[in-house]
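> build me a model:
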Amino acid sequence: MTPTDRPAPDDAMTPWTPRRAAADPRPDWTPALERLLSAITASVPPLAGLPTDDVLVVGLAAHGTGAASVRELRDVAARVVVDGHRRQVELGLRPPFLLDADAPRRLATLVHELLHLDPVHPGRLLAANRHAHRSHTSLEREARAHARRLLDDLDPALLLCLAHDGEVLLRQWRHRPAETTRRRVFGDADVFVGPVVVRTPADRRGGWW
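Residues are numbered from 1 along each chain as shown. As a prediction, this is how the structure comes out:
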């Protein structure tokens, strides 16, 4: 073997550098919705004092024709801590919220779900606004009235996310608390951020992203 035939020593080889994954270009809807929830509770008197850090916003599968839902987490988990906050309520956004609505309707849906929560007792549903005691129609009427005022009062930049059309990233459960997990602690490893499709009529879209 001549000197030129000898393989290069290990320290002369070019080191392999892993390629950094490109940032996902799709907008992250979760923090935009969380900021909007904070603005809603600060502007709607019946929601005054409601701690929105307690609310875990997630995308959920279809359930009947419902656009969204809220539930207490204390009955299905020992503790839920996500992004450094203890979460006591799940606010789930379902396909009709994503695919069959515009900004005013989505805003009214968010208000409707928040009205189910008890601002005095964090993590609890407000008994008076459970549908066993108050009809969906009655609560929806109140939610839409608040939403109409919010459309005039809130910073438009906060509302534009509700007029988006296209794919967004949204927090979702990897492992969702259930009756069989009442003693389990849930954390960041039990959620992930994944794509969902948002559809808004062409004449009602906003330039959020």
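
> sticking with the spatially most central residue of the chain, tell me its helix or strand.
With distances taken as Cα atoms, centre = their mean, the residue of the chain nearest its centroid is Val57 (3.0 Å). Following DSSP states H and E, the helix or strand that holds Val57 is strand 55-59.

> rewinding a little: ok, now which ones touch the residue nearest to the centre of the chain?
Applying Cβ atoms under 8 Å, 6 or more residues apart in numbering, we find Val57 in contact with 30, 33-34, 37, 91, 93, 170-171. (Each C-beta comes from the backbone N, C-alpha and C, glycine too.)

> which one of these is nearest to Val197?
Comparing the contacts of Val57 against Val197 with Cβ to Cβ picks out Leu170 as the nearest, at 10.1 Å.

> element containing that closest one?
Under the criterion DSSP H and E, the helix or strand holding Leu170 is strand 166-173.

> pLDDT below threshold where in this protein?
For the chain, the stretches with pLDDT under 70 are 1-21.

> and the strand holding Leu170, what does it pack against?
In terms of contacts (3 or more Cβ pairs under 8 Å, 6 or more residues apart in numbering; DSSP states H and E), strand 166-173 is packed against helix 29-43, strand 55-59, strand 191-198.

> so for that strand, what gets flagged as buried?
168-173 (16 or more other Cβ atoms under 10 Å).
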